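Make a model of this:
(chains A, B, C and D)
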4 protein chains.
Amino acid sequence: MGGPKHEALATFPVVIDVPVAWGEMDAFQHVNNIVYFRYFENARIAYLAELDFLCEMEQSGMGPILAATNCTFKFPLAYPDTVWVGAKVIAIGDDRFTVRHLAVSQRHQRVAAEGEAVIVTFDYCGKRKIAVPTALRQRIEEVERNAGAR
Amino acid sequence: MGGPKHEALATFPVVIDVPVAWGEMDAFQHVNNIVYFRYFENARIAYLAELDFLCEMEQSGMGPILAATNCTFKFPLAYPDTVWVGAKVIAIGDDRFTVRHLAVSQRHQRVAAEGEAVIVTFDYCGKRKIAVPTALRQRIEEVERNAGAR
Amino acid sequence: MGGPKHEALATFPVVIDVPVAWGEMDAFQHVNNIVYFRYFENARIAYLAELDFLCEMEQSGMGPILAATNCTFKFPLAYPDTVWVGAKVIAIGDDRFTVRHLAVSQRHQRVAAEGEAVIVTFDYCGKRKIAVPTALRQRIEEVERNAGAR
Amino acid sequence: MGGPKHEALATFPVVIDVPVAWGEMDAFQHVNNIVYFRYFENARIAYLAELDFLCEMEQSGMGPILAATNCTFKFPLAYPDTVWVGAKVIAIGDDRFTVRHLAVSQRHQRVAAEGEAVIVTFDYCGKRKIAVPTALRQRIEEVERNAGAR
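This is a model prediction of the structure:
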């Protein structure tokens, strides 16, 4: 994770390295579209780990559910390459928050894709949406503040 | 493909059957989010096959590129289930067209997810976007007209 | 699942239909090798469902663990195609049993791949291998006997 | 790739780092079996890159085909972890060579899985097996010799 990253990722609190796998390319010789969502998920999970959200889930039964996601493809990734994938919360609502994702090719030093994911806070025991807990909201704000101050 | 399908798919010219694989579920015991995009792709490819788009591509060097895609998750799929996945062109632009997707659980007779994909017509030899060919546009319109008239 | 199948599958108690997805092809324009193991897994899970093994697992904490698997590739699958995938128990040991798999292309009416999987019966609570329960052994024998008698 | 690795990998000329993705876990909360074959493939492709085999393929039409592969699972991988995955040629035949793979958990410093892959040298234009070219054989022997001498 260390070392200088692409400026487009400057304000992203979480940026992970993902090596492109040869087998992730499809018959068009480019990384298949669904794999970008795996890359985004990887960064999102790393972000949730920063928040201790997944651990807390095991204790409280409260956890994240993905409500929607999207991706805009800028240029096609191919093997060999390594991708920086960023995650950053850009909005917090009553019962959800929005994560912005960026995938940057290290080989080409270019943004390959960008997208968003809407995560709903969910009570897995009660099977219903719940308000974003105050402690979680504060932790997100803290993580984002630290990223902005770097 | 035969037999009655869910009414939400009534106007979709292409609807395929996709069995949910046990291994497509993740640690939350639900089909992982990236798999929905595979389901959508399956239906989109079946639609392109209807258009003879992929065959033509081999001859002309002209082909589809996915520019953007999104998915909204309505309720989580799980194994065992089979999903009807629909594809339907809802807009044709100068150099692109938009496909709408629907994934309907046969077990629950409910829409599990909906989404869209924007496909750009691309000259793979010249490496540039090209206008949607007239013949392709007419073929899409015909396919959609037939679906509406069923 | 109905209808006549390839003779190579005659003695397989479980045979499922798996549509090949376009996106399962890799840059060599053939279905990527890891996907065959997903096909095998699909048939294996269907077999375990026949045994009510997965349901029982939830009650008893006893379940299957995959100890080893292999695949020999006969000829490369490609989209479009549908594959019959068979599962058949060929040996039962003290704490394990061996499943034989076959993947047959419907388009080419040829065996595309064959392989095996060794499943260990495992006590997930106690975290140790356990003897194959007598009831499970009898159920497997019954399933195989019925297949042979068809 | 730098830095000390597990001793089990000492004689492996190619060892790559693969981060485990959360989404690679299945409903049993462990990395799904097919993913191990993706890990193996990643290391195998890196090995072929060392040999300049894939580049040569574009020029000569000669390339690798996977004829068979297997994996024995030692203990289950889970997120978060990073895996060292090794590739090492252990036998060269007339028209094929055998690659041995090892996947070692960095978190647990233990071998998680081991396996093999048999690669046939194939003339993609003539659609037939060909003898392993002398230059390729020498390059493999050189790569393995250098690994042994480290």
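
Next, the one residue sitting closest to the centre of chain A: secondary structure please.
In chain A, the residue lying closest to the centroid (Cα atoms, centre = their mean) is A:Arg44, at 3.0 Å. A:Arg44 carries the three-state label helix when classified by DSSP: H, G, I helix; E, B strand; the rest coil.

Quick one: residues contacting it.
Counting by Cβ atoms under 8 Å, 6 or more residues apart in numbering or on different chains, A:Arg44 makes contact with A:Ala87, A:Val99, A:His101, A:Ala117, A:Ile119. Just so you know, the C-beta spots here come from the backbone N, C-alpha and C atoms, and that holds for glycine as well.

nearest to D:Phe12, of those?
Among the contacts of A:Arg44, A:Ala87 lies closest to D:Phe12 (Cβ to Cβ), at 33.4 Å.

So A:Gly126, which state does it fall into?
Secondary structure assignment for A:Gly126 (three-state DSSP): coil.

and the gap between A:Ala113 and chain B?
According to Cβ to the nearest Cβ, to the nearest Å, A:Ala113 and chain B sit 9 Å apart.

Can I take it that that residue is in a strand?
Yes. Under three-state DSSP, A:Ala113 falls within a strand.

Just give the closest residue to it, not the sequence neighbours.
A:Ala103 (4.4 Å; Cβ to Cβ, 6 or more residues apart in numbering or on different chains).

other SSEs contacting the helix or strand hosting that neighbour?
Taking DSSP states H and E as the criterion, A:Ala103 maps to strand A:96-105. Counting contacts by 3 or more Cβ pairs under 8 Å, 6 or more residues apart in numbering or on different chains; DSSP states H and E, strand A:96-105 packs against helix A:33-50, strand A:82-92, strand A:110-123.

Can you check what angle separates the second one from strand A:96-105?
Note on geometry: by axes from the mean of the first three to the mean of the last three Cα atoms, to 10 degrees, strand A:82-92 and strand A:96-105 are set 160 degrees apart in direction.

try the first one
Note on geometry: by the same axes, to 10 degrees, helix A:33-50 and strand A:96-105 are set 120 degrees apart in direction.

so for helix A:33-50, what's the average pLDDT?
Averaged over helix A:33-50, pLDDT sits at 97.

mind listing what's buried in that helix?
A:33-48, A:50 (16 or more other Cβ atoms under 10 Å in any protein chain shown).

and the angle from that helix to strand B:110-123?
With the same axes, to 10 degrees defining the directions, helix A:33-50 sits at 120 degrees from strand B:110-123.

Tell me the pLDDT of the residue nearest to A:Ala113.
98.

Count the neighbours of A:Gly148 for me.
By other Cβ atoms under 10 Å in any protein chain shown, the residues close to A:Gly148 number 11.

Name the nearest residue to it, ignoring sequence neighbours.
A:Thr11 (5.9 Å).

if I look at A:His101, how far off is A:Pro13?
A:His101 sits 13 Å away from A:Pro13, taking Cβ to Cβ, to the nearest Å as the criterion.

okay, the two: which has more neighbours?
A:His101 (27 against 20).

if I pick that one, what's in contact with it?
Residues near A:His101 by Cβ under 8 Å, 6+ apart: A:39-40, A:43-44, A:71, A:85-88, A:113-117.

who in chain A is up against chain B?
Residues of chain A lying near chain B by Cβ under 8 Å from any Cβ of the partner chain: A:28, A:32-35, A:37-38, A:41, A:63, A:65-73, A:76.

So which residues on chain A come close to chain D?
Going by Cβ under 8 Å from any Cβ, the residues of chain A near chain D are A:16-19, A:21-23, A:38, A:41-42, A:45, A:49, A:79-80.

okay but A:Gly93 is in contact with A:Val132, surely?
Yes. Assessed by Cβ atoms under 8 Å, A:Gly93 is found in contact with A:Val132 at 7.4 Å.
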